[in-house]
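# Coordinates for the following, if possible.
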Amino acid sequence: MKASQFRELAEEELQQKHSDLMDDLFKLRIRHSVAKLENPMKIREVRRDIARLKTVMREHQIGKKEKMAGEETPTEAKK
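As a prediction, the model looks like this:
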């Protein structure tokens with residue numbers, strides 16, 4: 001999934017997607033340790049999707065902080 005697709009999701013959907021991806025990664029690792037996977041690159045894809053998702057979640061978190069603090073930044077307030 002692309003980061004732009006993650007950005008379109010609401011926070012609750014992001015949390016759910018994160019949980020789903022973590023479950024998928026766990027299952028893939030278990031299957032990989034027990035038997036050979038058809039596509040071992042799937043583990044890498046899921047890990048990278050998790051990283052993209054966490055990046056978008058952090059962007060949302062930072063955006064909320066900026067809204068709560070207002071449009072004025074601390075350096076602008078001192079001037």
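# Which element, helix or strand, includes the closest residue to M1 other than its chain neighbours?
Closest residue to M1 apart from its sequence neighbours, by CB to CB, 6 or more residues apart in numbering: D49 at 5.5 Å. Just so you know, the C-beta spots here come from the backbone N, C-alpha and C atoms, and that holds for glycine as well. Element membership of D49, judged by DSSP states H and E, is helix 41-69.
# List the buried residues for that helix?
I43, V46, D49, I50, R52, L53, V56, M57, H60 (16 or more other CB atoms under 10 Å).
# ok, those vs V34, which is closest?
Nearest to V34 among the buried residues of helix 41-69: I43, at 13.7 Å, using CB to CB.
# Same list (the buried residues of helix 41-69) but as TSV, adding pLDDT and distance to D24.
TSV is the format used below for those (pLDDT from 0 to 100; distance: CB to CB, whole Å):
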residue	pLDDT	distance to D24
I43	97	9
V46	97	5
D49	96	9
I50	97	9
R52	95	14
L53	96	12
V56	93	18
M57	93	17
H60	89	22
